[in-house]
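Visitor: Sharing a sequence plus its predicted fold:
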Amino acid sequence: MIIQQLSVFLENKSGRLTEVLEVLGRENIRITALSVADTTEFGILRIIVSDPEKAKRLLKEQMFTVNITEVISVMAPDEAKYYAKVLRILSDIEISVEYTYAFSIGKKSVIVLRCSNNEKAIEALKAHEMELLKASDLYSI
Amino acid sequence: MEIWNRHFECMEHDELRRVQSDRLRETVERVYFNVPYYRHKMQEAGIGPEHIQSIEDIVKLPFTTKNDLRDTYPFGMFAVPMSEIVRLHASSGTTGKSTVVGYTRNDISTWSEVMARTLTSAGADRNDFIQIAYGYGLFTGGLGLHYGGEKIGASVIPVSGGNTNRQLQLMHDFGTTVLACTPSYALHLAEAIEESDIDINELRLKTGVFGAEPWTENMRREIEQKLKIKAIDIYGLSEVIGPGVAFECMEQNGLHISEDHFYPEIIDPETLQVLPEGSFGELVFTTITKEGLPLIRYRTRDLTRLSYKKCNCGRTLVRMDKCLGRSDDMLIIRGVNLFPSQIESVLLEMSEIKPHYLIIVDRVNNLDTLELQVEVDEEFFQDKISQLQSLRGQLQENLESAIGLGIKVTLVEPKTIERSEGKAQRVFDKRKF
């Protein structure tokens, strides 16, 4: 249930994101989800791709700083109350969410979370019958 | 722990000053009458031997530099007739013409004495097997260690540098207990042992005395871990005598200078003023017992600071910090002296790997600005913005307290800072004067 996400350090300069995507694009890497967190100086690009190890290698070859981070993903109806429910389940057992982002397909939304304890988060969400996605589920979306 | 020469190494401050004063007076007299080059320099400065009564008067004397030695190449600054010289050594001359040093029989004996102190301080005695993997020859490393090793009565193995397989074989078969070489060669040997059939636990190594090049605390830890020894830092330069000028004790907290032979000062390389205790600046030596090539206020270009606090080992000899760079690299920012090595040492303290960085100095509205760009590499990189920001903040705080200047820290991508072959360009000064 743990999903490998790529985190890439980016300076806040125009063209940097484009370069990352071009490097991955040349090798036909597919991107399932993408989010950017930024400050005035730098940003962190977070992407879920079809082949994280290969993508990491490609980016490293181009001198990008890349780490693989572990996240989890939940599929739920695209209504706010379901997103809220996910977060509530976690906060009730004092798991903090480092960050989260989401996208929707049809009437469903896919929520990505990085939690202070991913394993415990998975247990809790399962106990509440939330639909957790595997890496392969995400890549095949 | 044993001390080789308790009389001098643990001498009370006032008594040591008296010894130094006597020896300085004699030295100045000798160079004034025996070395025309020194006499002219002193006359130009309006100074004669009569002006030097105590060690405090040393500040009246003019400085000596490597250029003076080059200008008088090869023997122009020797203070004795060549018939008194029993040994010659010379530097490699990588930064110009080589510099030549000559030793009288007494100088060789002084050198053996300070090396005996050095090895004893590193825990060695007559029962040890000292493998000397410093180069023998014109370079002072090999023979300097050699004479010290013999003086303490140890079994000296004069293998010289290179031939790693032979080094390992001797180390194993002879039961070497003390290794003497450059720190980088020690690491090389450690790696060679890992790749060989030799089990590190079969070796009897306990101590290493390493010097002749700058090395970091991280390197020390790595050497100590891999070779399972205590790594002792030693300092010296051939102009002053060779290895043996200063040495660490088991406290590994600064290098004791044999100041009854080599009197140290710390100066501001720009103003040439002597700085108070604890200030960071250029190390200057006056040899107060040497006969062949006495040096008056010789500028080493090495950057360090001195501490006169008593050491736990019992020695009263002043301690110098590990050298952190060369005075030629000094920058003046808003009137404050800054050495890139100060910044580097903060970075090294904060991470286990050596980060790539670039110091950028500029002038905006007549004010100097200082920026440090640090590459975010994998070790350093965290997926969370808050962690990166607090790391950046911590770095800035540590730097500002270490250098006493405001500095802007910017995190950059790895390829931003140019890689260069050999010596990296770490400073970019955009100011136009």
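Guide: Okay, I see it.
Visitor: can you list the residues that contact the longest helix along chain A?
Guide: Ranked by residue count, the top helix of chain A under DSSP state H comes out as helix A:80-92. Contacts with helix A:80-92, where a contact means Cβ atoms under 8 Å, 6 or more residues apart in numbering or on different chains, come from A:74, A:76, A:96-97, A:100, A:102, A:109, A:111, A:113, A:115, A:121, A:124-125, A:128, A:130. In short, each C-beta sits where N, CA and C put it, glycine included.
Visitor: Under the pLDDT cut-off, which ranges of chain A? List them.
Guide: Within chain A, no range satisfies pLDDT under 70.
Visitor: Got the domain ranges for it?
Guide: A:3-68, A:70-139 (automatic domain parsing).
Visitor: now the ones you listed in CSV, with mean neighbour count?
Guide: Converted to CSV, the domains of chain A look like this (neighbours: other Cβ atoms under 10 Å in any protein chain shown):
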stretch, mean neighbour count
domain A:3-68, 17
domain A:70-139, 16
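Visitor: need the ones you listed in TSV with distance to B:Gly325, can you?
Guide: Conversion of those to TSV gives the following (distance: least, Cβ to Cβ, whole Å):
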stretch	distance to B:Gly325
domain A:3-68	28
domain A:70-139	40
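Visitor: who wins for proximity to B:Arg392 among the ones you listed?
Guide: domain A:3-68 (8.4 Å; Cβ to Cβ).
Visitor: Can you mark which positions in whichever strand or helix holds B:Glu26 are buried?
Guide: Secondary structure assignment for B:Glu26, by DSSP states H and E: helix B:13-34. Across helix B:13-34, burial judged by 16 or more other Cβ atoms under 10 Å in any protein chain shown covers B:16, B:19-21, B:23-25, B:27-28, B:30-32, B:34.
Visitor: and it, what other elements does it pack with?
Guide: For helix B:13-34, the elements it packs on are helix B:36-44, strand B:281-287, judged by 3 or more Cβ pairs under 8 Å, 6 or more residues apart in numbering or on different chains; DSSP states H and E.
Visitor: Longest strand in chain A, please.
Guide: Identified as the longest strand of chain A according to DSSP state E is strand A:66-77.
Visitor: Helices of chain A, start to end?
Guide: A:16-26, A:52-61, A:80-92, A:118-127, A:135-139.
Visitor: residue contacts, residue 137?
Guide: You didn't pick a chain, so chain A it is. Contacts of A:Asp137 by Cβ under 8 Å, 6+ apart are A:Ser73, A:Met75.
Visitor: my bad, the chain I had in mind was chain B
Guide: B:Ser160.
Visitor: For it, give me phi and psi.
Guide: Dihedral pair for B:Gly137: phi 130, psi -140, per degrees, to the nearest 10.
Visitor: State the pLDDT value of it.
Guide: What the model reports for B:Gly137 is a pLDDT of 91.
Visitor: ok, now B:Thr94?
Guide: For B:Thr94, pLDDT reads 55.
Visitor: Would you mind naming what in chain A lies close to chain B?
Guide: A:7, A:9-11, A:16, A:37, A:39, A:41-42, A:44, A:46, A:62-67, A:69, A:98-99, A:114 (Cβ under 8 Å from any Cβ of the partner chain).
Visitor: Please report phi then psi for A:Glu41.
Guide: Dihedral angles (degrees, to the nearest 10) for A:Glu41: phi -100, psi -40.
Visitor: Please name the nearest non-neighbouring residue to it.
Guide: A:Asn12 (5.6 Å; Cβ to Cβ, 6 or more residues apart in numbering or on different chains).
Visitor: Can you list the buried residues in stretch B:202-209?
Guide: Neighbour counts using 16+ other Cβ under 10 Å place B:Leu203, B:Leu205, B:Lys206, B:Thr207, B:Gly208, B:Val209 of stretch B:202-209 among the buried residues.
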